[in-house]
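Student: Let me see the structure of the following:
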Amino acid sequence: MTSQTTLSTIADFFETGGPFMVLLVLLSIVTLTAILLRAWRLREGAIIPRQVAEAVNALRPGDTLKALQDAMEQHPSAISMTLSTLISHLNWSKSENLEAVQTCARHEIAHMEKGLVILEIATGTGPLLGLLGTLSGLVSIFATLGNNGDPVAVARGISEALNTTIAGLAVAVPSLIAHSYFQRRIEMLAIQMESITASLLAKIYQPQ
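Tutor: The predicted structure follows:
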């Protein structure tokens, strides 16, 4: 009986929100999907596989790059793409190669940030949609206030109108938290990529 009452309360919560609640539900689904996809794609193993990092660390000046290239082929990733750019331009000067590597790294970072714009949109539009839903509900309530002066009914109507505001904030807050977390995560991964790339550059371009 208690579970049925809970389900009924939840159903009433969404039903009284009107069309704006439908938009918020759709926005929450899109947002949750974006969060799960970013969490999966920003795994450290997907960006900087341990095997590739270890191959760079094990490399000594004068060693061949075969072991590293094998690791990169077996573990395609952002760092593998970046190091592949470095290796493919070994006939260039160090400064020219570094510029090519930085360009590739920026492209990989932009790819990592793909999808974060959805979280930005959800953070901004969630509360606004909720506010619009609340204002729309209040307009309807006060429009019928002259015909029905029951304060209990008015209070109930106002409570229902505020549901969309609650839903909007419920979408925006997790979106903001996830966006901040993923942004920081990308920054840390970018620093690690830069460190690994700099290490390989230093080992290949030894001072003459």
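Student: Contacts only, for the residue nearest the centre of the chain.
Tutor: Closest residue to the average C-alpha location of the chain: Leu116 at 4.1 Å, with CA atoms, centre = their mean. The neighbours of Leu116, taking CB atoms under 8 Å, 6 or more residues apart in numbering as the test, are 38, 179, 182-183. Glycine gets a C-beta too; all of them are placed from N, C-alpha and C.
Student: again with Thr33
Tutor: Contacts of Thr33 by CB under 8 Å, 6+ apart: none found.
Student: Okay, and Ala55 sits in which element?
Tutor: helix 50-58 (DSSP states H and E).
Student: and the host helix or strand of Ser199, what other elements does it pack with?
Tutor: Using DSSP H and E, Ser199 falls within helix 163-204. Contact here means 3 or more CB pairs under 8 Å, 6 or more residues apart in numbering; DSSP states H and E; on that basis helix 163-204 packs against helix 2-15, helix 18-41, helix 44-47, helix 50-58, helix 78-88, helix 94-112, helix 116-143.
Student: go with 7 Å
Tutor: helix 18-41, helix 50-58, helix 78-88, helix 94-112, helix 116-143 (3 or more CB pairs under 7 Å, 6 or more residues apart in numbering; DSSP states H and E).
Student: Let me know how buried the closest residue in space to Glu73 that isn't next to it in sequence is, in neighbour terms.
Tutor: Nearest residue to Glu73 in three dimensions, chain neighbours excluded: Ser80, at 7.9 Å (CB to CB, 6 or more residues apart in numbering). Using other CB atoms under 10 Å, Ser80 has 22 neighbouring residues.
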